[in-house]
Every structure is written in C-alpha cells, then in structure tokens.
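Engineer: Output the structure for:
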Amino acid sequence: MRAVRIVVCLVACAIGGVTLAQDTAAAPAANVPTYAKDVAPIMQERCADCHHPGGIGPFSLLTYRQTKGWAPMIKEVVEQRRMPPWHADPSVGKYKNDRRLTDSEIATIVKWADGGRPMGNEADLPAPIKYSEDWRIPGPDAVFELPVEQHIEPSGVVPYREIEVPTNFAEDKWLQMIEARASNPKVVHHIIVFMRSPEMEAGQRQEFQRLGRGFLVGFAPGVIPTILPEGNAVKVPKGSTFIFQMHYTPTGKHEVDRSQLGIVFAKQPPQREVITATTINPDFQIPAGDANYRVVAESVIPDNGILYSMTPHMHYRGKSFEYIAHYPDGNSETLLRVPNYDFNWQTTYILETPARLPKGTRIETIAHFDNSANNPANPDPTKPVRWGEQTWEEMMIGWMNMSWETPATKSASAGGGTLGGGAR
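Structural biologist: Sure, this is the predicted structure:
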C-alpha cells in the first residue's frame, strides 16, 4: 500500500497545477467527440469504479468538470495503456473483468482531449451512477468487525496480526457476496479473512486442501469483492470462526483501524459450492542480482472441477506469472499469463467461460522474479530473498476460485472448501 500511495502522490503533485475548468458547455468542433455523448460512457464503464469518492483512485471522474480538468493526464495514461490497469497477456484467454480500453475508446478520449474537450448536449449524458461511501456489495446482510480497535505505531515493522471473530451461526450458511473492508486504508496493507470450522473432513480432497485452508476473501489494491453468480455460493458451517489476518504498514504517525467483513447470504441453496484452491511454493531462495529467477508450484485436481478465476500473488520482485493446465489426456492449455506482474495491483482474473478441469488435471504455476538493480521496486538487490510475510521478502501463490461438478449438497465443505496445492 505504501508504494501505491507514493506513486499516487507523485502523480498528483506532478499535475497539481492543472486548473479544473468550469462546467461550460463549449460548442464542439466538427467531428470532435463530446463528453456527454462519447466520453462520459467510457468513464463510467472503465474508470469510475475506482475513481469515485471513497474509491481507490486518487481523484473522481464522475463529472464533466473533473474529467476535463484531468484530461491531459488521462490522455497520457490511456495512450500508454497504463490505465485502466490490466496485466494479462491478451493473446491468452478471455476474462469478464478485462479492464482494457479498446482502440476505438482510446481514440475517442485522445480526440476529445485534443479537440477542446467540449461538453456537448447535456441531454446525451448517461444516467449517473450512485456509489456507496463504504461497501461495494449491496447492503450486507451481516457485518463482522474487529472486536477492538487496532493501534499502529508511527514506525517499525508490524508483525501480522491474526484476530478471531466468532460467527455464532447456529446453522450452515451460504454466502453469495463477500467483501473485506479496511476502515483505515492508509495503514492497511492487506487483509485476508480465513474461516475455521469446528470439523475438517478427511480424505483425498482434504489432502488436496492441506495448504491455505480456510481462505475466504481478501483486501488489497486491485482486489474486488467476491460476487458469485446465481447457483454458486461459499459454505460457512455452523459454529465457524472468521480469522482476520491483518498486515499493517506504518505511515509515520499513530493510526487506528477497525476493519470489517460484509456478507450477503444466498437467497436459495446453491447448485455448487465455490472453494478457493492454491498452488504454493514456499521453498525457494532468489539469488542476489538474479533478474529472472524461476519458481514452480503445482496441484493435482482430485475430482472433476470447474475453474472460475485466478489470482497470482508475489511481492515487489514479482516479474511474471503463468497458469498451465495439464489434462489427463496429455494435452496442455495456458489458462492465464501475466507477463508484467505489478504488486500494486492484486488482480483477480475472472474467466469469461469457466474452465472444466477433469479429475487428475495438473495445474502448474510458473513465476519469475527480478532481484536485480534494474527492478525499480526492488528493496535491496544485493541480498538473496526467501519466502516471508513482509513485502521485502517474497511469496509465490496461485489462488484459484473453483467448484466441484458434484452438487453443493453432496460436496465436501472442508471448513468452507479452501484448497491447497503442492510445490516442486
């Protein structure tokens, strides 16, 4: 989070002299797009989800005044395809949440920015979008909060804090939407909420689920809430406990946080139980100065499954990440390739069409790390790096949201159904 804030500050300071123009409806020149008819729909569709009050963007882009004032910077970042942030290889797979602008959308923005930035006819404006100041999921049915305020000192290393919050559920619950929310985003580097159920089921699936067990939802830059389609839900067995793993980063002054978890219950029992799987490899050491160190992990699917999304995770030295499915029939398929991994954006890539994974499919994940001086984000290229929780250490995790093909009422919940993976 600190890196994100520094970048935002530099960008804002660099263009801080830009004066926001008044809301004047200048007459458009011939063949110049207008804000009302052409640009506003793009801003709503591609930008406003982050750039609204309370969003993670450093400024809002909901109005003509706001967009016109930031037009020079908007033109620059869209031409260079730095914004909206998207790091997947476009030649591999199709994703529901692909944020990329089309060539036509980029051309429209550039032509408008260079053509006087006309407002156009206000009657052409799309209906405004109303954003909540807090939750991104609609009206949580239940909210779980850290039991006491967390105090973070101005400096030093803050160890991870794991804080238990009982659900007090007297019966099994099915969750349709899940969101972790930081009450003080300035100091919260990330949140991971795990779930611990009273019992864990043994067997082949349990062996597959031995690592990362209980993962429910996370919060970090670029992470979106879990919103599952109808017929799919996450199971929380009765008597379960939520465990908030809190990673705080000092800001230079005393900070207070009391983060929350919001959930929306499924209206009907689901057809399939959604679980979170991982491939994970904690056994590596990246040599000092190595610009392309390779780490591999894999998991074998123990039953017929359906893959919905993937979330690669590394730290500042992360360079690239790839998911490959090796099917039982001998064929292989690349499911996701992220050639330019950016730690500042923890993106979940949601498949446009869920992938069927037959029993015995081997999911291989390949990560590369840049521990050289050529990596501007590298905390120290002179030292070797091993697995660790702090951002100057490293991780190699490939999260996967999936379900079994068997109906939810017959599938093993395993404490909410989090899977783990083996490493090699």
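Engineer: Near the nearest residue to Thr382 once chain neighbours are set aside, how many other residues are there?
Structural biologist: Leaving out its chain neighbours, the residue that sits closest to Thr382 by Cβ to Cβ, 6 or more residues apart in numbering is Ala288, at 5.4 Å. No exception for glycine: its C-beta is placed from N, CA and C like everyone else's. Summarising burial for Ala288: neighbours were counted as other Cβ atoms under 10 Å, giving 14.
Engineer: what do you get for Pro379?
Structural biologist: As a measure of burial, Pro379 has 15 neighbours, counting by other Cβ under 10 Å.
Engineer: Can you give me the pLDDT of it?
Structural biologist: Note on Pro379: pLDDT of 94.
Engineer: Give the bridge partners for Ser403, please.
Structural biologist: Val274, Ile306 (DSSP bridges).
Engineer: List the contacts of it.
Structural biologist: Asn232, Arg272, Glu273, Val274, Ile275, Gly305, Ile306, Tyr308, Ser411 (Cβ atoms under 8 Å, 6 or more residues apart in numbering).
Engineer: can you confirm Tyr131 is in a helix?
Structural biologist: No - Tyr131 sits outside any helix when classified using DSSP: H, G, I helix; E, B strand; the rest coil, being coil.
Engineer: Now it. Its backbone dihedrals?
Structural biologist: Reported as degrees, to the nearest 10, the phi and psi values for Tyr131 are phi -110, psi 140.
Engineer: is it true that it touches Gly57?
Structural biologist: No - with contacts defined as Cβ atoms under 8 Å, Tyr131 does not count as touching Gly57, sitting 11.3 Å away.
Engineer: So, low pLDDT: which residues of the chain?
Structural biologist: For the chain, applying pLDDT under 70 flags the ranges 1-30, 133, 199-213, 221-222, 407-424.
Engineer: all helices for it, in order.
Structural biologist: Secondary structure of the chain by DSSP state H: the helices cover 2-14, 40-42, 64-69, 71-79, 103-114, 204-208, 414-417.
Engineer: what's the residue nearest to Val188 when sequence neighbours are not counted in contact with, if anything?
Structural biologist: Spatially, and ignoring its direct neighbours in sequence, Val188 is nearest to Ala182 (3.7 Å; Cβ to Cβ, 6+ apart). Applying Cβ under 8 Å, 6+ apart, we find Ala182 in contact with Val188, Ile191, Phe219, Asp257, Ser259.
Engineer: and with 10 Å instead?
Structural biologist: Shown here is Ala182, whose contacts under the criterion Cβ atoms under 10 Å, 6 or more residues apart in numbering are 1, 188-191, 219-220, 246, 248, 257-260.
Engineer: So which of those are in strands?
Structural biologist: When DSSP state E defines the strands, the subset of the contacts of Ala182 inside them is Val188, His189, His190, Ile191, Phe219, Met246, Tyr248, Asp257, Gln260.
Engineer: buried subset of those residues?
Structural biologist: By neighbour count, with 16 or more other Cβ atoms under 10 Å, the ones in strands among the contacts of Ala182 hold Val188, His189, His190, Ile191, Phe219, Met246, Tyr248, Asp257, Gln260 as buried.
Engineer: Looking at those residues, which is nearest Ile74?
Structural biologist: Distance to Ile74 across these (Cβ to Cβ) is lowest for Phe219, with 26.9 Å.
Engineer: hang on, Val274 packs against Leu175?
Structural biologist: Yes - applying Cβ atoms under 10 Å, one finds Val274 in contact with Leu175, separated by 8.9 Å.
Engineer: Spell out which residues are contacts of both of these two.
Structural biologist: Residues touching both Val274 and Leu175 (Cβ under 10 Å, 6+ apart): Thr226, Leu228, Ala233, Val234, Lys235, Gly416.
Engineer: export those residues to JSON lines and tack on distance to Ala36 and neighbour count?
Structural biologist: Below are the shared contacts of Val274 and Leu175 laid out as JSON lines (distance: Cβ to Cβ, whole Å; neighbours: other Cβ atoms under 10 Å):
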{"residue": "Thr226", "distance to Ala36": "35", "neighbour count": "23"}
{"residue": "Leu228", "distance to Ala36": "36", "neighbour count": "21"}
{"residue": "Ala233", "distance to Ala36": "41", "neighbour count": "27"}
{"residue": "Val234", "distance to Ala36": "41", "neighbour count": "29"}
{"residue": "Lys235", "distance to Ala36": "47", "neighbour count": "25"}
{"residue": "Gly416", "distance to Ala36": "47", "neighbour count": "25"}
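Engineer: of these, closest to Pro198?
Structural biologist: For Pro198, the closest of the shared contacts of Val274 and Leu175 turns out to be Gly416, at 11.7 Å, with distances computed as Cβ to Cβ.
Engineer: before we move on, the earlier item: what's the closest of the ones in strands among the contacts of Ala182 to Met402?
Structural biologist: Out of these, the one with the shortest distance to Met402 is Phe219. That distance is 21.2 Å, counting by Cβ to Cβ.
Engineer: about what we covered before: give the residues shared as contacts by Tyr131 and Gly57.
Structural biologist: Shared contacts of Tyr131 and Gly57, defined by Cβ under 10 Å, 6+ apart, comprise Ala48, Asp49.
Engineer: how deep is the residue lying closest to Ala355 once chain neighbours are set aside tucked in, by neighbour count?
Structural biologist: If you skip the residues right next to it in sequence, Ala355 has Leu307 as its closest partner in space, 4.3 Å away by Cβ to Cβ, 6+ apart. The local packing of Leu307 (other Cβ under 10 Å) involves 22 other residues.
Engineer: From Thr365, how far off is Leu307?
Structural biologist: 13 Å (Cβ to Cβ, to the nearest Å).
Engineer: same deal with Phe343?
Structural biologist: Applying Cβ to Cβ, one obtains 17 Å for the distance of Phe343 from Thr365.
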